[in-house]
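# For reference, the sequence and a predicted model appear below.
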Amino acid sequence: MPKFLTVLSLLLLTGCAVLQRPSIEYTPGAELKTISSSVSISVHATDRSMGGHGYLVYRRPDQLHLLILSPFGNTLFEIFALGERITLLYPSQSVAYSGRFDELPDKGGLQGWRFMRWMMDLDPPVSNHFTGTVERMGSQGFKENVTFENGLAVSKTTQSGEQVYYSGYKVFDGVPVATEIELRNDHDDRIRIVFDEPEVNTHIDDSSFSPGIVGMKILPLSELQGL
């Protein structure tokens with residue numbers, strides 16, 4: 001029996017070691033200021049799901065442009081975020097929907113996009129040794145619980161049930177970047193973004209964040225039925 005317990009203990013210890021994520025070498029305090037990358041994206045909601053490929057550019061803390069392509073290479077839609085405002089463009093329909101994030105409807109896979117800025121915004125790691133969970137006031141003005149492993153954020157949660165998970169960390173010139181991000185809420189809606197060969201902290205022209213709405217019909221977000 002003692003030998004059996006010894007073997008069992010070794011197996012358990014080995015299993016725990018396997019579950020730990022390997023640490024990566026990065027520069028503490030290195031800040032992600034901009035990122036531009038090809039992406040694959042999937043959205044799952046109770047009433048709608050979609051997936052596709054496209055391109056994303058982001059400038060911290062609150063500027064984002066996401067372009068989604070059809071399998072034939074045509075632009076299906078674009079999302080522009082700047083501060084409190086979001087604009088969705090549908091070029092084939094010559095229609096744009098614009099308004100504040102909190103005006104996005106609770107349907108059609110749109111709910112999760114309210115937390116787009118919170119999902120993308122991560123503070124630079126201050127230590128590559130800290131592992132644990134802290135409660136703090138987040139950059140978006142509400143409380144969040146953030147879990148760290150080796151100084152890197154692996155998840156954030158809000159008191160209202162939103163959760164975002166960060167994985168697939170890679171290092172670019174000392175800057176750690178999560179190449180897989182998944183947002184979930186308590187309705188099991190999910191948005192997953194995977195970055196492919198991102199460019200980090202390069203110059204991004206201001207025009208990348210300006211929606212081209214000339215000649216388009218502008219409608220309020222309340223009329224948007226879904227992505």
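Nice, I can see it.

# Show me where the chain dips below the pLDDT cut-off.
1-22, 108-109, 111, 226-227 (pLDDT under 70).

# need the helices for it, in chain order.
Counting by DSSP state H, the chain has helices at residues 2-19, 116-120.

# can you give me the strands in this structure?
Ranges of strands in the chain, per DSSP state E, are 34-44, 49-59, 63-69, 75-82, 85-90, 95-100, 132-137, 143-149, 152-158, 163-172, 175-184, 190-200, 217-220.

# Let's have the ones you listed in CSV, adding distance to residue 207 and mean neighbour count.
Every residue, glycine included, has its C-beta placed from N, CA and C. Formatted as CSV, the strands of the chain follow (distance: least, CB to CB, whole Å; neighbours: other CB atoms under 10 Å):
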stretch, distance to residue 207, mean neighbour count
strand 34-44, 13, 18
strand 49-59, 11, 18
strand 63-69, 10, 19
strand 75-82, 11, 19
strand 85-90, 14, 20
strand 95-100, 17, 18
strand 132-137, 34, 10
strand 143-149, 32, 16
strand 152-158, 31, 19
strand 163-172, 24, 17
strand 175-184, 24, 20
strand 190-200, 17, 17
strand 217-220, 19, 12
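
# Now render those as TSV, adding distance to residue 28.
Output for the strands of the chain, formatted as TSV (distance: least, CB to CB, whole Å):
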stretch	distance to residue 28
strand 34-44	19
strand 49-59	22
strand 63-69	25
strand 75-82	29
strand 85-90	33
strand 95-100	36
strand 132-137	16
strand 143-149	12
strand 152-158	11
strand 163-172	12
strand 175-184	10
strand 190-200	16
strand 217-220	45
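
# how close does residue 214 sit to residue 89?
Applying CB to CB, to the nearest Å, the value for residue 214 to residue 89 is 11 Å.

# Apologies, that question was intended for residue 182.
25 Å.

# just how off-centre is stretch 177-185 within its chain?
Computed by CA atoms, centre = their mean, to the nearest Å, the chain-centroid distance of stretch 177-185 equals 5 Å.

# so which of the strands of the chain gets nearest residue 115?
Distance to residue 115, taken as CB to CB, is lowest for strand 175-184 among the strands of the chain, at 6.1 Å.

# Which residues outside the closest one are in contact with it?
Taking contacts as CB atoms under 8 Å, 6 or more residues apart in numbering, the residues outside strand 175-184 that touch it are 24, 26-27, 30-32, 35, 112, 115, 119-120, 122, 125, 152-153, 162-171, 190-196, 198, 200-201.

# Within the sheet, what are the partner strands of that strand, with directions?
Under the criterion DSSP bridges, strand 175-184 sits next to strand 163-172 (antiparallel), strand 190-200 (antiparallel) in its sheet.

# okay, those strands in JSON lines with distance to residue 68 next?
What follows is the strands paired with strand 175-184, written out as JSON lines (distance: least, CB to CB, whole Å):
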{"stretch": "strand 163-172", "distance to residue 68": "20"}
{"stretch": "strand 190-200", "distance to residue 68": "11"}
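
# quick one: which of those strands is nearest residue 80?
Of all the strands paired with strand 175-184, it is strand 190-200 that lies closest to residue 80, at 16.1 Å by CB to CB.

# Can you name the residues bridging to the spatially closest residue to residue 134 that is not a sequence neighbour?
Nearest non-adjacent residue to residue 134, counting by CB to CB, 6 or more residues apart in numbering: residue 146, 5.6 Å away. Beta bridges link residue 146 to residue 134, residue 156, judged by DSSP bridges.

# doesn't residue 152 make contact with residue 146?
No. With contact defined as CB atoms under 8 Å, residue 146 and residue 152 do not form a contacting pair (10.5 Å).
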